[in-house]
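>>> okay, here's the prediction I keep looking at, along with the sequence it came from:
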Amino acid sequence: MLSIPINLNLPRTPNLITSLPGPRAQAIVQRDRAVTSPSYTRDYPLVVSRGQGCMVEDVDGNVFLDMTAGIAVTATGHAHPEVVKAIQEQSARLLHMSGTDFYYEPMVELAEQLAIRAPFPHPQSNAVFPAKIFFTNSGAESNEGAIKLARYYTKRSLIVAFLGAFHGRTYGAMSLTGSKVVQRANFGPLVPGVTHIPYGTHASLDYLEQQLFTTILPPQEVAAIVVEPIQGEGGYIVPEDGFLQRIREICDRHGILMVVDEVQAGMGRTGRLFAIEHWGVMPDIITTAKGIASGMPLGAILARPELMTWPPGSHATTFGGNPVACAAGIATLRLLESGLMTNATQMGELLQASLIQLHQRFPRVSPPRGKGLMVAVDLLDEQGNLDHKLRDRIIQEAFLRGLLLLGCGKAAIRFCPPLVIDSDQIQIALQIISEILSS
C-alpha cells in the first residue's frame, strides 16, 4: 500500500492570523488573474491550502469553518481518512484504463452499490437490479447523457424543464438551465425543443396541462420532464406538497420519462441517499454527481434497466467511472450509510431551529427552508423584498470572520456543509452571522 503521511490537526473553529487576503493569497490571486479564464466566479479571495473535516486552511495559515463543502461536494468532509486511503490504494494499483473500452472491478462494484439502492420500481424485465448505471465526470455530463437517453428511448424530441433550474453549462445541460441570464447570454442557438415553466407549484403544472399541452406542446412528443427535487442554484426551493407526485402522474399518463436531477440534492445531503425519496416518488432516470465521491470528479446516470437500450458506441466517455474516482465513491457510500446521512438529518434539524431563532431576532432574515443539510434563508430589505446586496455583504463579512458561505437564488444564503459537521460548529456559524447582523 502506498502511504502518504497526513498530519493536519486543524482547529475545529475559525482561527485568523493575518488580514484577509494574506500576502501569499494576494500573490496567488494575482498570478491566477494573469492566466485563468475570467468566467470563473470567485465570491471572495480564499486561496485554500488544505482541509480537514469542516475546516479549511489558506496558504497564509488562516483557518475557516466551511459551510460550502466545495459547493456540496465534500460530503464526507475534507480529506476524510477512509476516502484518502481508498484513493491511495487504488492509485497505486491502477490510475486509468477507461471503462468505455475495458473492465475493472471498482467501476462494477460502485455500479452494483448504486443500482441496488436506486429508488426505482422492481424491474419489469429479467434484470437483477432495479437500475443500470452510466458513469460520467460531472453533473453537467450526467444531464447531457440523460437528455440523449430520454430522446433515444422514447423517440421523442421535446423536453420540459423549470425556471430557476440549474443543470450545468455544457450545451445540452445549459439548454435545460433556467437560473441566470448570464449563463445563457450570447451562447445561442441552444439545443432546441426545451420549454421552461415555473417551478414547484400546482399552478405551474396547471399551466403545463391546460395551456401548453393544448396549444404548442404536444404531450405525445415530450420525451422527458427534467426536475430537481429541491432546486439548488435556484435558491434551495422546496416544492409544494404533491408537486413531484403530480409530475409522476403526468408522465405516466402521457408516456413521458421523469428525469430527476439529484446532482446537488443527492448522495445523502438531505438525510436520504436521494432527495426524491422524501416524497416517495419513483422516477425513471436519476442524475447525480457532486457528493458521490467526496471531491473526486465523478457523476452517474441511473436509469430503469429497460430504458438503457442504446447500443455500444452510442454514448461513451473517456474519464467517466475512472477507477480512482470509483474507489472514492465506494468509500463515500459506505460512510454515508454508516452515520453521515443520520447526522445530516439531525444537524439539519438543529440548523433550521437555529435559523428560526435568527429570523425571530432579525426579521430581515427569512425563515429557513430545505431538508437535511441543504438549507437556505433569504435576506430581505426593510420592506420585505429580496435584498441581494445585503446577502452579498453578509457573505463577504462572514469570510473576513472565518466563515465560508455561498449564495443561491436571488438573495439567499445556502448552507451545505460537509455532512460531518457537529452541533458546536453549527452554533459557531450562526453566532458569526448573528454578530454580522448586529453590527
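Good, I have the coordinates. Since the structure is predicted, the reported quantities are computational estimates derived from the model, not experimental observations.

>>> ok, E57 to R50 distance?
Look at E57 and R50: by CB to CB, to the nearest Å, they are 5 Å apart. The way it works is simple: take the backbone N, C-alpha and C, and place the C-beta from them, glycine included.

>>> ok, these two, which is more surrounded?
For E57 against R50, the residue with the higher neighbour count under other CB atoms under 10 Å is E57, and the figures read 19 against 15.

>>> touching, the more buried one and N9? I think so.
No - counting by CB atoms under 8 Å, N9 is not a contact partner of E57; they are 10.4 Å apart.

>>> can you pull out the strands in the stretch 301-439 of the chain?
369-371, 374-378, 403-404, 406-408, 412-415 (DSSP state E, counting those that start in this stretch).

>>> I'd like these as a markdown table, with mean neighbour count appended.
As requested, the strands of the stretch 301-439 of the chain are arranged in a markdown table below (neighbours: other CB atoms under 10 Å):
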| stretch | mean neighbour count |
| --- | --- |
| strand 369-371 | 21 |
| strand 374-378 | 26 |
| strand 403-404 | 24 |
| strand 406-408 | 21 |
| strand 412-415 | 25 |
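
>>> ok, which of those comes nearest S19?
Proximity to S19 (CB to CB) singles out strand 403-404 among the strands of the stretch 301-439 of the chain, at 16.2 Å.

>>> and the closest one, what does it pack against?
strand 63-66, helix 423-438 (3 or more CB pairs under 8 Å, 6 or more residues apart in numbering; DSSP states H and E).

>>> tell me the helices and strands packed up against the last one.
I take that to be helix 423-438. Going by 3+ CB pairs under 8 Å, 6+ apart, helix 423-438 lies up against strand 63-66, helix 341-361, helix 388-400, strand 403-404.

>>> the strands of the stretch 301-439 of the chain into JSON lines, with extra columns for distance to V263 and mean pLDDT?
Output for those, formatted as JSON lines (distance: least, CB to CB, whole Å; pLDDT from 0 to 100):
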{"stretch": "strand 369-371", "distance to V263": "16", "mean pLDDT": "98"}
{"stretch": "strand 374-378", "distance to V263": "12", "mean pLDDT": "98"}
{"stretch": "strand 403-404", "distance to V263": "21", "mean pLDDT": "98"}
{"stretch": "strand 406-408", "distance to V263": "14", "mean pLDDT": "97"}
{"stretch": "strand 412-415", "distance to V263": "14", "mean pLDDT": "98"}
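
>>> now render those as JSON lines, adding distance to V63.
Conversion of the strands of the stretch 301-439 of the chain to JSON lines gives the following (distance: least, CB to CB, whole Å):
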{"stretch": "strand 369-371", "distance to V63": "27"}
{"stretch": "strand 374-378", "distance to V63": "23"}
{"stretch": "strand 403-404", "distance to V63": "11"}
{"stretch": "strand 406-408", "distance to V63": "18"}
{"stretch": "strand 412-415", "distance to V63": "19"}
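
>>> returning to what we had before: export the helices and strands packed on helix 423-438 as JSON lines, with columns for distance to I250.
Converted to JSON lines, those look like this (distance: least, CB to CB, whole Å):
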{"stretch": "strand 63-66", "distance to I250": "40"}
{"stretch": "helix 341-361", "distance to I250": "30"}
{"stretch": "helix 388-400", "distance to I250": "34"}
{"stretch": "strand 403-404", "distance to I250": "40"}
